[in-house]
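Enquirer: Got a sequence here, can you model it:
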Amino acid sequence: MSSADRQYLQIVSDILDRGYYDQNRTGMPSYKLPHQIMQFQLDQGLPILTTKYVAFKTAVQEMLWIWQQQSNDVRWLQERGIRIWDAWAGHDGTIGKAYGYQIDKFQQLDDLLDRLRSDPQSRRMVVSLWTVADLPEMNLKPCAFLTMWDVTDGALNCMLVQRSGDMGLGIPFNTLQYAVLVHLVAKVTGLKPGLFTHVINNAHIYENHVAGLRLQLSRANEDYPAPRLVLNASVDDFYAFTIDDIRLDGYQHGGRIKMDISV
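Expert: Okay, here's the model as predicted:
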């Protein structure tokens with residue numbers, strides 16, 4: 001079993017065994033545990049689950065929408081057949097001043113890339129999507145909202161802090177997305193992908209996901225080889241990457257597990 005599956009399923013098991021059960025804003029009760037952490041050495045494999053199918057291209061496209069396109073307009077995703085943000089889209093087709101809007105507003109990605117190239121030992125490489133003044137105009141407050149970056153011995157390390165983590169649907173996407181993001185940023189800044197740490201403040205399982213996650217836990221003894229992330233070697237500009245330049249080779253998995261989203 002991969003490191004991604006092992007760490008993820010341990011959190012799932014812990015939540016099911018001793019999670020706190022209560023209501024939340026969605027109306028679907030959940031079990032939760034605070035302060036859950038996963039860590040991955042990215043040079044040892046991409047953290048994508050194999051105990052269930054994770055839609056690699058959809059996850060990466062969503063990451064590019066936020067970090068590369070720096071967009072809050074769901075029509076960019078819809079044009080690519082991705083409808084996961086439709087529930088939060090307003091009449092103007094946007095999700096308000098959330099996610100990519102915040103990266104663009106303060107030119108945060110450009111600042112990060114500049115610092116990584118010019119001052120890699122800086123301790124001020126932080127990207128935050130949590131702008132208090134803009135929160136009332138966000139259709140969904142950002143869940144994965146903070147990244148902190150570090151360079152050690154030529155390796156790019158990243159810590160992702162997530163205030164709210166839906167273990168059934170969101171976390172498999174988020175872990176994968178930010179691992180790929182580290183690979184892309186490392187490539188265009190001449191660094192190696194290093195340590196990726198995923199911190200989840202409120203890790204929860206919705207009640208209607210319990211059966212699906214128990215099925216996934218039952219697959220823990222299935223063993224699939226680690227897939228390989230392949231990037232187009234000729235691309236050295238973060239803004240030039242397309243989904244066709246980011247490929248997953250040899251992905252084997254236990255199959256899809258359907259879960260409904262709680263809005």
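Enquirer: show me where the stretch 101-250 of the chain has helices.
Expert: Here the stretch 101-250 of the chain has its helices, by DSSP state H, counting those that start in this stretch, at 108-118, 170-188, 210-217.
Enquirer: Restricting the selection to alpha carbons, write stretch 50-62 to CSV.
Expert: Coordinates of the C-alpha atoms in stretch 50-62 are reproduced here as CSV (Å, rounded to 0.1, in the frame of the first residue of the first chain):
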residue,chain,number,x,y,z
THR,A,50,-4.9,3.7,-5.1
THR,A,51,-7.6,2.3,-2.8
LYS,A,52,-10.0,4.2,-4.9
TYR,A,53,-9.9,6.1,-8.2
VAL,A,54,-9.0,9.8,-8.0
ALA,A,55,-9.7,11.8,-11.1
PHE,A,56,-6.2,13.1,-11.8
LYS,A,57,-6.9,15.4,-14.7
THR,A,58,-9.9,17.0,-13.0
ALA,A,59,-7.9,17.6,-9.9
VAL,A,60,-5.0,19.1,-11.8
GLN,A,61,-7.3,21.3,-13.9
GLU,A,62,-8.9,22.7,-10.7
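Enquirer: which residues touch it?
Expert: Outside stretch 50-62, the residues that touch it by CB atoms under 8 Å, 6 or more residues apart in numbering are 1-2, 4-5, 9, 48, 77, 80, 82, 84-85, 172-173, 176-177, 180, 216-217, 219-220, 222, 224, 243, 246, 248, 251-257. Where you see a C-beta, it was placed from the backbone N, CA and C, and this is true even at glycine.
Enquirer: From those, keep the buried residues only.
Expert: Taking 16 or more other CB atoms under 10 Å as the criterion, what is buried in those is 1-2, 4-5, 9, 48, 77, 82, 84-85, 172-173, 176-177, 180, 216, 219, 224, 246, 248, 251, 253-254, 257.
Enquirer: can the helices of the stretch 101-250 of the chain go into a markdown table with extra columns for mean pLDDT and distance to F145?
Expert: Written out in a markdown table, the entries for the helices of the stretch 101-250 of the chain read as follows (pLDDT from 0 to 100; distance: least, CB to CB, whole Å):
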| stretch | mean pLDDT | distance to F145 |
| --- | --- | --- |
| helix 108-118 | 98 | 12 |
| helix 170-188 | 98 | 11 |
| helix 210-217 | 98 | 24 |
